[in-house]
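1. Predicted structure and sequence below. I'll ask about it afterward.
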Amino acid sequence: MDYFLNEEQMMIKELCHRIAEEKVRPVTAELDEKDEFSWDVIKAIAQADLFAIFIPQEYGGTLSLAPKQKIGGVLDVCIATEEIARACGGIAVSYAASVLGSFPILIQGTEEQKKKYLPDLASGKKLAAFGLTEPEAGSDVSAIKTSATKDGDYYILNGTKHFITNGGEAEIYTIIAMTDKNKGPRGVSAFIVEKGTPGFAFGKKENKMGIRASATRELIFTDCKIPKENLLGKEGMGFIVTMRTFDMSRPGVAAQALGLAQGALDITLQYAKQRHQFGRSISSFQGIQWMLADMATQIEAARALIYATARMIDSGITNVAKESAMTKLFASDTAMRVTTDCVQIFGGYGYMKDYPAEKYMRDAKITQIYEGTNQIQRNIIALQMIKEMANK
Amino acid sequence: MNIIVCIKQVPETTKVKINPETNTLIREGVKSIINPFDMYAIEEAIRLKERFGGKVTVITMGPPQAESALREAISMGADEAVLICDRAFAGSDTWATSFTLASAIKKIGDYNLIICGKQASDGDTAQVGPGISVHLDIPQVTYVKKIEEITDKKARVERMTEEGYEVIEAPLPLLISVVKEINEPRIPSLRGMMKAKKAEIKSLGAKDIAVDSEQVGLKGSPTQVVKIFTPVPRKGGQILQGDTADVVNKLADLLKPEISA
């Protein structure tokens, strides 16, 4: 299907395709097996300017934005993430997580904060990460226990974040912490914390089912003192910043799921043509053909939804909670179905680690869980529908 | 350090077929790319520029469509590009090509180093690089796998041989041809691709580089192509077995008709 990408988007697609095939695919099985994060690949992505495509030109990026618009280049990020995920879901999420960690600064950062942090993120010299999830606070943001207590010109952070993508590898963290627990969600604030700040340590690296080329760690704050200038927006705005960040970033996770699904379909189609049973190619059997047709149709529908939503955001529309949730929900469910069918068509070979099929399936599962479980996505969609009806 | 890189646009596949009737390459449907060995030359030039400053100028002799190869070199980081293009250059052999390129380089001037790929993947002659250095009367080192040291005055390089490598010191200006062991060519950047799209590609014709039409193209080419053909695959050999005296006799019997023929 032709999505009428502009010239720059075509270039991004071509560049990411080359990176995926030349730099990522040759190492993806090894990184998965060794549970290893690859700075070599991240540097290749950085050198190609791909961390610059969502950052405005005045802060070292390549993006030109309309006045007052804060977020753009989302379709560009989706195209890049999709292409990389075709070869490796783990590397794709390391890229997308840095975008996610940068969004709160773009949305709520002051001029000083933007000038200080964005240029190194645009060049890819530094990675960003977003720290929200805690052992006892996942879907329920108001349950977070990490606290930030004002102390003169500083805030003192205490608590533990876990399951943080790019944890330990990133230099710049946007952390959501409670500044006033009596206010519930309205007592939550967002902060920028730099790696190396005394009192900020990393816990264990998680041993994950999939996306093993990405680093997931605990962030541990013990009387971690940060300057008050590192507060993003005002106290109490953390929940709003988080929701707005996710509205903008979910198409990126959806694009990761889409890339995994497309990558799985690519190898499935190839395998189905080569594999012979009963004296002919299994692609000649209607049962296989129908599976392939369903896989391709679902993928194209996911892509159309993601690209359309990303274009809404890039045109400056900020009220996209519903559409954004739909992209994540639909694309990740598609990725799970498609990658499961990929393993099924590969048969016994699909179950073996010598073939790339099973990794797609392991990588896909997380896309239904993180950046809001798909159950939470349905809550968001339904809530928006009810709100829209009430406003009519 | 100002560097000139000579590149060639070639058909992508190494499996190009020859039309058996005309004995020419079938180019239809085959994508054109930068000669793979020239990619290492471009990369090395950009790395030197990143270390020492200066300018990288990429040149190619070819038809107007060779401009896309020059734009690709700019997307990797080259600063300027010159297309050497004229109907008078058509049909050049390696002598006329190296003469034309050398004349263009004289016209461009102001260079410390010229880098070429070791050979082109289509012609495989490895003659044009060395030819340029002879026409310019500057030293050459072929098959360079590493530049150990380089200043404005001289370079110390490792030259690959079949058994190992030689370390050679040569004064600048110098021409080197490089092998794939020298580096890993980079993937271009988005900014590079945008720059390449807008870049102005200069074009030089026969008049611009002050060459006589008798010296270039088919007329300036002493090489006579007598015949082009697809070689017949070699038949498999045979292994003679038995005691030495028997085997020698058998071998002699087999060789006799070959020699008398």
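-> In hand now; what should we look at? Numbering: from 1, shown residues only, chains lettered A, B, ... in the order given.

2. Would you point out which residue of chain A is nearest chain B?
-> A:Asp49 (3.9 Å; CB to the nearest CB). (C-beta placed from N, C-alpha, C; glycine too.)

3. Just confirm that residue is within a strand.
-> No. Going by DSSP: H, G, I helix; E, B strand; the rest coil, the assignment for A:Asp49 is coil, not a strand.

4. what sits against it?
-> A:Thr62, B:Ser189, B:Leu190, B:Arg191 (CB atoms under 8 Å, 6 or more residues apart in numbering or on different chains).

5. Which two among the residues you listed are spaced furthest apart?
-> A:Thr62 and B:Ser189 (9.8 Å; CB to CB).

6. which residue sits closest to whichever residue of the stretch 151-261 of chain B sits closest to chain A in space, ignoring its chain neighbours?
-> The minimum distance from the stretch 151-261 of chain B to chain A, using CB to the nearest CB, falls at B:Leu190 (3.9 Å). Nearest-residue entry for B:Leu190: A:Asp49, 3.9 Å, with adjacent residues in sequence omitted and distances by CB to CB, 6 or more residues apart in numbering or on different chains.

7. which residue packs closest to B:Ala102, ignoring adjacent ones?
-> Using CB to CB, 6+ apart, the closest residue to B:Ala102 is B:His135 (3.4 Å).

8. just to revisit the earlier point, out of the contacts of A:Asp49, who's nearest B:Ile259?
-> Once CB to CB is applied, the member of the contacts of A:Asp49 that ends up nearest B:Ile259 is B:Ser189, at 62.1 Å.

9. Could you measure from the closest one over to A:Lys13?
-> For B:Ser189, the distance to A:Lys13 equals 15 Å [CB to CB, to the nearest Å].

10. Of these two, give the one with the bigger neighbour count.
-> B:Ser189 (21 against 16; other CB atoms under 10 Å in any protein chain shown).

11. residues touching the more buried one, list them.
-> A:Leu15, A:Gln47, A:Ala48, A:Asp49, B:Ser75.

12. What are the boundaries of the strands in the stretch 151-261 of chain B?
-> For the stretch 151-261 of chain B, the strands defined by DSSP state E, counting those that start in this stretch cover B:154-160, B:165-171, B:174-178, B:202-204.

13. Point out the most buried one among those.
-> Among the strands of the stretch 151-261 of chain B, strand B:174-178 has the highest mean neighbour count (mean count of other CB atoms under 10 Å in any protein chain shown), at a mean of 27.

14. Dump it to CSV, keeping only the CA atoms.
-> What follows is strand B:174-178, C-alpha atoms only, in CSV (Å, rounded to 0.1, in the frame of the first residue of the first chain):
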residue,chain,number,x,y,z
LEU,B,174,50.5,10.7,-3.8
LEU,B,175,48.0,8.3,-5.4
ILE,B,176,47.0,5.2,-3.5
SER,B,177,44.6,2.4,-4.4
VAL,B,178,42.9,0.7,-1.5
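
15. The helix with the most length in chain A packs against which elements?
-> Across chain A, the longest stretch assigned as helix under DSSP state H is helix A:238-274. Under the contact criterion of 3 or more CB pairs under 8 Å, 6 or more residues apart in numbering or on different chains; DSSP states H and E, helix A:238-274 touches helix A:74-87, helix A:89-108, strand A:172-178, strand A:188-194, strand A:280-281, helix A:286-314, helix A:321-346, helix A:357-365.

16. now the ones you listed in a markdown table, with distance to B:Ile7 and mean pLDDT?
-> Shown next, in a markdown table, are those (distance: least, CB to CB, whole Å; pLDDT from 0 to 100):
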| stretch | distance to B:Ile7 | mean pLDDT |
| --- | --- | --- |
| helix A:74-87 | 28 | 98 |
| helix A:89-108 | 32 | 97 |
| strand A:172-178 | 41 | 97 |
| strand A:188-194 | 45 | 97 |
| strand A:280-281 | 43 | 97 |
| helix A:286-314 | 37 | 98 |
| helix A:321-346 | 42 | 98 |
| helix A:357-365 | 39 | 98 |
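
17. between the ones you listed, which gets nearest to B:Pro185?
-> helix A:74-87 (19.6 Å).

18. That closest one close to chain B?
-> No. Judged by CB under 8 Å from any CB of the partner chain, helix A:74-87 and chain B are separated, with a smallest distance of 9.3 Å.

19. Output the contacting helices and strands for that helix.
-> helix A:7-18, helix A:89-108, helix A:238-274, helix A:286-314.

20. Compile those into JSON lines and extend it with columns for distance to B:Thr100.
-> Shown next, in JSON lines, are these (distance: least, CB to CB, whole Å):
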{"stretch": "helix A:7-18", "distance to B:Thr100": "33"}
{"stretch": "helix A:89-108", "distance to B:Thr100": "46"}
{"stretch": "helix A:238-274", "distance to B:Thr100": "45"}
{"stretch": "helix A:286-314", "distance to B:Thr100": "49"}
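
21. Secondary structure element holding B:Ile114?
-> Element membership of B:Ile114 [criterion: DSSP states H and E] is strand B:113-117.

22. Report the buried residues of that strand.
-> Within strand B:113-117, the residues scored as buried using 16 or more other CB atoms under 10 Å in any protein chain shown are B:Leu113, B:Ile114, B:Ile115, B:Cys116, B:Gly117.
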